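> Sequence first, then the predicted structure:
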Amino acid sequence: MIEGFTALYIFMLAAFTGYEVISRVPVILHTPLMSGSNFIHGIVLVGAMVSLGHAETGLQMLIGFVAVILAAGNAVGGYVATERMLEMFDRSKSKGGA
């Protein structure tokens, strides 16, 4: 397993890279790109569950549990954003029932 500073370095590098990539996406493309990447949220959730399953100490279990909760919220939020985006393009509701 990855230890100490190596894990911290990977985490900081991933956070910085993610921030830089997302901040450069135009606002009009942000929702479609996020809704198109819902499967990535599912992979993150599976990874968090695997990490929780391999936890040995109480602190590792706590961090794993928080990771599962945050990943599940991220996945659900992606699908909620997709649903709201698709409602904007529903023609039957926009014509007032006609």
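Looks like it arrived, so ask away. Residues are numbered from 1 along each chain as shown.
> Buried by neighbour count: which residues of the helix or strand where residue 67 lies qualify?
Using DSSP states H and E, residue 67 falls within helix 58-88. Across helix 58-88, burial judged by 16 or more other Cβ atoms under 10 Å covers 64, 67-68, 71-72, 74-75, 78, 81-82. (Glycine included, C-beta is placed from N, CA and C.)
> What helices and strands are in contact with that helix?
Judged by 3 or more Cβ pairs under 8 Å, 6 or more residues apart in numbering; DSSP states H and E, the packing partners of helix 58-88 are helix 27-36, helix 38-53.
> what about it, distance to the chain center?
In terms of Cα atoms, centre = their mean, to the nearest Å, the centre of helix 58-88 is set 6 Å apart from its chain centre.
> Just the angle for it relative to helix 38-53, thanks.
160 degrees (axes from the mean of the first three to the mean of the last three Cα atoms, to 10 degrees).
> Low-confidence ranges, the protein, go.
Applying pLDDT under 70 to the chain flags residues 1-2, 27-36, 91, 93-98.
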